[in-house]
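1. Pasting a predicted model and its sequence here:
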Amino acid sequence: AGQHLCFYSRPLNCLTSPSSSYRVKKIIGSGAYGKVTLCQKASNNQMVALKVLTNPHDDYAGQKEARILQMLQEGDSGHDNIVRYMGSFQYEGHHCHEFEKLDIDMNDFLKSRPHMTLQLTEIRPIIAQMARALQYLKTKGIVHCDLKPVNIMMTDHIQQPLHVKLIDFGIACPVGEAEHGTLVQTLNYRAPEVQVGGAITEAIDIWSVGCIAAQMFLGTHLFATTNQYDLMRHVCDPPTLCMSITWLTGPCTFRSINFQFENNNEITQKCVLSAFFIS
């Protein structure tokens, strides 16, 4: 199929919704649930991103994601660090979600850098923005469930350097709706409680942000693994890191940071924002 969007094995160059038509320019992303296309909207010539779900029979997934996206937009214009959702429609049975057009994802941004690393002065504002996005998700009662570099997008890495937005709410869920034992998150960013069948709470997103922060600095995964058993071995026996990793906490150690814990002893989004690292 290459750069073509295909329905029923035929290339598709144009989609239509009740309010507009969309000319497909190219495929800009793909995954297990669908493809993301760069489209030109006929009603105003605006360039937008359309996420088209692959399975035309999976109404539940499409409706669930649309419901989450609507919750994130309710009562205001959304959040500055979460992709702007512009509506959903169906085309030939396929759920389509419309978003603002963004730039490159964090994974590609890291690949463009020497040793795939960032400077501390770059990491700090990115992690602060992610913490603010997660604070906003918490006010809406939403867990993202799949935080990783490819789901963090640069708004415009030339005109607005280091301004990032969180994308892809395909497996996000309201707190309390996910059953214990549900296996979410990509392996290298998976929280231990998910791996052992624990509760799905906002805390699992905080774990992922920590893994991403370390990856930005180290140029490699903090817990590099290819299977779930190896992951738990790495988590239970953390790697020995060089002294320069003290950027995580400044002059103090993990144990000496005065984090304020909530009643379930989880590190919260406010803890991340108040930590020495991004203060």
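-> Good, I have the coordinates.
2. Quick check, central residue of the protein?
-> When CA atoms, centre = their mean is applied to the chain, the residue found nearest the centroid is residue 151 (3.5 Å).
3. Quick check, that residue in contact with residue 166.
-> Yes. Counting by CB atoms under 8 Å, residue 151 touches residue 166, with 6.6 Å between them. (C-beta placed from N, C-alpha, C; glycine too.)
4. overlap in contacts of those two?
-> Here residue 151 and residue 166 have residue 144 as joint contacts, going by CB atoms under 8 Å, 6 or more residues apart in numbering.
5. SS state for residue 96?
-> Secondary structure, DSSP: H, G, I helix; E, B strand; the rest coil: residue 96 is strand.
6. ok, it - contacts?
-> Taking CB under 8 Å, 6+ apart, we find residue 96 in contact with 15, 17, 50, 51, 52, 53, 88, 89, 90.
7. which ones among those are found in strands?
-> 15, 50, 51, 52, 53, 88, 89, 90 (DSSP state E).
8. can you map out the helices along the protein?
-> Taking DSSP state H as the criterion, the chain contains helices spanning 59-73, 106-111, 120-140, 192-195, 203-218, 228-236, 269-274.
9. now those helices in JSON lines, with mean neighbour count and mean pLDDT?
-> Listed next are the helices of the chain as JSON lines, based on neighbours: other CB atoms under 10 Å; pLDDT from 0 to 100:
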{"stretch": "helix 59-73", "mean neighbour count": "17", "mean pLDDT": "91"}
{"stretch": "helix 106-111", "mean neighbour count": "17", "mean pLDDT": "96"}
{"stretch": "helix 120-140", "mean neighbour count": "19", "mean pLDDT": "96"}
{"stretch": "helix 192-195", "mean neighbour count": "18", "mean pLDDT": "91"}
{"stretch": "helix 203-218", "mean neighbour count": "22", "mean pLDDT": "95"}
{"stretch": "helix 228-236", "mean neighbour count": "14", "mean pLDDT": "78"}
{"stretch": "helix 269-274", "mean neighbour count": "18", "mean pLDDT": "62"}
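10. Can you list the low-confidence ranges for this protein?
-> Residue ranges of the chain with pLDDT under 70: 1-11, 56-57, 75-76, 238-279.
11. Show me the longest strand that occurs in it.
-> Ordering each strand of the chain by length in residues (DSSP E) puts strand 21-30 first.
12. one step back: looking at the ones in strands among the contacts of residue 96, which is nearest residue 206?
-> residue 51 (25.6 Å; CB to CB).
13. my guess is that closest one meets residue 31, correct?
-> No. If you go by CB under 8 Å, residue 51 and residue 31 don't touch, sitting 9.3 Å apart.
14. More neighbours: which of those two?
-> Applying other CB atoms under 10 Å to residue 51 and residue 31 shows that residue 51 carries more neighbours, namely 25 against 14.
15. Show me the beta-bridge partners of that one.
-> Beta-bridge partners for residue 51, by DSSP bridges, are residue 36, residue 97.
16. list the contacts for it?
-> For residue 51, the contacting residues are 34, 35, 36, 96, 97, 99, by CB under 8 Å, 6+ apart.
17. one more time with 7 Å
-> Counting by CB atoms under 7 Å, 6 or more residues apart in numbering, residue 51 touches 34, 36, 96, 97, 99.
18. Residue 84 and residue 16: what is the separation?
-> Computed with CB to CB, to the nearest Å, the distance linking residue 84 and residue 16 is 22 Å.
19. of those two, who's got more company?
-> Higher neighbour count among residue 84 and residue 16: residue 84, with 18 against 13, using other CB under 10 Å.
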